[in-house]
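**Student:** could you look at this predicted model? Sequence included:
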Amino acid sequence: MLSYSRRTFLASGLAATAAGRLAFAAADLRGQRPSQDASAKVEFPRRRVPVSFIIDDSTCLVNMGHFCMPQFHACYPDRPAYQKPWQTYPREIPDAFVREFGEWCAEQGVRGKYSIVPYPACTGWLDRELPGWPRKALQDSLELVRTLLLPNWDVHPEMITHTRVIDLKTGRPLEEISPATMENSYPQQPQSADQLAAYLAYALRILQNCGLPCEGITTPGGFGNRVKPELSLAVQQAVRDVFRSPVPHFFKYVIDGDGSTEPVVEHVSGLGTDGLNLTVNIPAGTGDWFGGWEGDVVPEPDRYALADASGGRVVELIERGQPALFLCHWPGMYCNGTKLGFRAFQRVVTTIGRQYADRILWMKLSEIARYWAAKELTEIRRQGPVWQLQAPFACPEFTLTLPRSATSASAPPTIVHAGQPLMLQPAATVPKLNSGTWLQSEESLTLCFALSAGTTEIRI
C-alpha cells in the first residue's frame, strides 16, 4: 500500500485497497435498490470518465499549515511530521492566490470540491470574526468564494476546526489535549449517528451563516474511523437537516491499487416514496503528491500524470475507465508563497486535457453524487419496445445503453415524460454524445438526455 498523506496516515491504513473498499462500503450499508433490467446499462455521463479535483485544508485567509502544526504537535509531540518549523510558514494564503487559482481553473473547465473549515484551527469564526484580519477582509474573502468558486466547486466543511474538538454547548475546545479531543482522530469511543450528526450540523450551520450552500462534508484525517456506518448516516441526517439537500455526499476515503474508485450509494431507505433517504460515499483515487498539507513538500506531478501521458495514477484510472478524482491540500498549492504545487497542478491538468479531452468530464462532487444516485436508484423496466424509467429525482446528462432487437425501428428513439415527447438528435461518435443525442451500433442504442423525476418512457 502506498503512503499518501496525513489523511491516509491517520486513517490507520484503512483507506486504500480493494479490501479496504469493502471496509468502507460494506454491503449492509447499501440499503434498498430498485429493479433494473439486466440488459440495460447506465453508463457514465456522456460515456466519459468523471474527473474531479478534491482540495482539503482550505478556508478563508488562514494558512492551515501554519496554524494546525503547533496544535498537532501538542497532541503528538514525538511525531516528526509535527516538528517542522511552522513559525516560518506564512500565516495567510491570500485571496489574490485564490483568484489566480480559481480563474485559471475556470478557463480550463476544472471542477471539484473546496473545503471551507468554519473555525479554522480555532483562530476565529468565519461567520463572525477572524482575529488578525479586518472584518472586511473576511467578508471579501467569503464573497470571493461565493462568486468565483461556487459555480465550479462544491464547498464542504472539514469539520469545525480541523484540529481541536469543540464542546457544542460552549463553542470552546475541550480542555484535554489528546487523540480523543482532536478532530483527526475523533471519536475514540462509539457514538450514535445522532451524536455525530449534531457535530456535523454545527459546522454546516456556520457555513450556512456565511451564505455558502453545502451538499456534502469532508472528514479531517481519521475523523469517524471507529464509527464508519454511523458517520455515513450522520452525513445524511446533518446535510438534510441544515440544507435540505436530497443527495447528501461525503469525501473520506482514498482508493489505491486495483480497487474501484466508483462512488457507493449507502443507507438507502424510503425508495419509491416521498421520504427517500441516501448518502453517497465518494472516494479519491490518488494521494496528495503536490505540496502536502504543510506546503513544504516537493511536488511530484509525474505521480499523477507523466508529461507525455504515458503513465501516472490519473492516467491509469482514465485508461481503466474509472472515476479519476485526485487530491491535494490547499497549503500544498500555495507552497508557502512559491506556488510550486499550483504550477505542478497546472501541468497535470494540461497534460490530461491534451491527451483525454474527448474522454473525460470534469464534475463537482455534488454532480457525481447525483449521477450515481440516479444510476443506482432509477428503476428500469422493459415492456416490449417501450422502456419505462422511474426516477427518484432529476439528473442531467443521464446516459443509458439499451439493446437493439431485430424488430427495432430505424427511427430515432423518443423520450416521453409527462406526456411531452423529446426527439433525440443523432451523434456520429462517442465524443459527440451530449444531452439530447443518441448513438447507435448494430447491437445497441446509447441515449443521453436530461432525466426528469418520475416516470419516463423510452420508445425505440
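**Tutor:** Alright, I've got the coordinates.

**Student:** centroid residue for this structure?
**Tutor:** Leu365 (3.7 Å; C-alpha atoms, centre = their mean).

**Student:** right, and Gln108 touches Ile352 too?
**Tutor:** No: counting by C-beta atoms under 8 Å, Gln108 stays clear of Ile352, with 10.2 Å between them. Quick note: C-beta positions are derived from backbone N, CA and C, even for glycine.

**Student:** who's more crowded, the two?
**Tutor:** In terms of neighbours (other C-beta atoms under 10 Å), Ile352 is the more surrounded of Gln108 and Ile352; the figures are 23 against 14.

**Student:** now do the contacts for that one.
**Tutor:** 51, 305, 309, 314-315, 318, 324, 360 (C-beta atoms under 8 Å, 6 or more residues apart in numbering).

**Student:** report the separation between it and Gly332.
**Tutor:** Per C-beta to C-beta, to the nearest Å, Ile352 is found 19 Å from Gly332.

**Student:** what does Ala81 give?
**Tutor:** According to C-beta to C-beta, Ala81 stands 14 Å off from Gly332.

**Student:** among those two, which residue is more densely surrounded?
**Tutor:** Gly332 (30 against 14).

**Student:** just to be sure, that one is in a strand?
**Tutor:** No: counting by DSSP: H, G, I helix; E, B strand; the rest coil, Gly332 falls outside a strand, being helix.

**Student:** start the count at 19, not 1, going forward
**Tutor:** Yep, numbering from 19; the last one is Gly350 now.

**Student:** excluding chain neighbours, what is closest to it?
**Tutor:** Gly309 (2.9 Å; C-beta to C-beta, 6 or more residues apart in numbering).

**Student:** dump the residue contacts of that neighbour.
**Tutor:** Counting by C-beta under 8 Å, 6+ apart, Gly309 has contacts 315-317, 346-347, 349-353, 358-359, 362.

**Student:** now do the SS call for it.
**Tutor:** Per three-state DSSP, Gly309 ends up coil.

**Student:** what segments of the stretch 269-418 of the chain are strands?
**Tutor:** Along the stretch 269-418 of the chain, counting by DSSP state E, counting those that start in this stretch, strands occupy 282-287, 295-299, 342-347, 378-380, 397-401, 404-409, 413-421.

**Student:** check contacts around the spatially closest residue to Trp405 that is not a sequence neighbour.
**Tutor:** Of all residues not flanking Trp405 in the chain, Ile476 sits nearest, at 4.2 Å (C-beta to C-beta, 6+ apart). If you count contacts by C-beta under 8 Å, 6+ apart, Ile476 has them with 404-407, 418, 420, 431-434, 465.

**Student:** do the same with Leu358
**Tutor:** Neighbour list for Leu358: 309, 316-317 [criterion: C-beta under 8 Å, 6+ apart].

**Student:** could you dump those to CSV with distance to Ile111?
**Tutor:** Below are those laid out as CSV (distance: C-beta to C-beta, whole Å):
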residue, distance to Ile111
Gly309, 12
Val316, 19
Pro317, 16
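
**Student:** take those residues and lay them out in TSV including pLDDT.
**Tutor:** As requested, the contacts of Leu358 are arranged in TSV below (pLDDT from 0 to 100):
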residue	pLDDT
Gly309	95
Val316	97
Pro317	98
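
**Student:** follow-up on the earlier one: isn't the residue nearest to the centre of the chain up against Ile73?
**Tutor:** No: judged on C-beta under 8 Å, Leu383 makes no contact with Ile73 at a distance of 10.9 Å.

**Student:** which residues do these two both contact?
**Tutor:** Common contact partners of Leu383 and Ile73 (C-beta under 8 Å, 6+ apart): 130-131.

**Student:** what's the pLDDT at the spatially closest residue to Asp320 that is not a sequence neighbour?
**Tutor:** With sequence-adjacent residues excluded and distances taken as C-beta to C-beta, 6+ apart, Asp320 is closest to Gly330, at 6.1 Å. Gly330 carries a pLDDT value of 98.

**Student:** what do you get for Leu20?
**Tutor:** On the pLDDT scale, Leu20 gets 32.

**Student:** on that earlier part again, now, which of the contacts of Ile476 sits nearest Gly472?
**Tutor:** Leu407 (9.1 Å; C-beta to C-beta).

**Student:** care to break this protein down by domain?
**Tutor:** The record's domain split for the chain, according to automatic domain parsing, is 24-48+67-376, 396-477.

**Student:** what's the average pLDDT for the shortest one?
**Tutor:** In this model, domain 396-477 has a mean pLDDT of 92.

**Student:** doesn't Val69 fall inside a helix?
**Tutor:** No: using three-state DSSP, the assignment for Val69 is strand, not a helix.

**Student:** can you list the strands that the host helix or strand of the residue nearest to Trp405 pairs with?
**Tutor:** Assigned by DSSP states H and E, Ile476 belongs to strand 472-477. The strands that strand 472-477 pairs with in its sheet are strand 404-409 (antiparallel), strand 432-435 (antiparallel) (by DSSP bridges).
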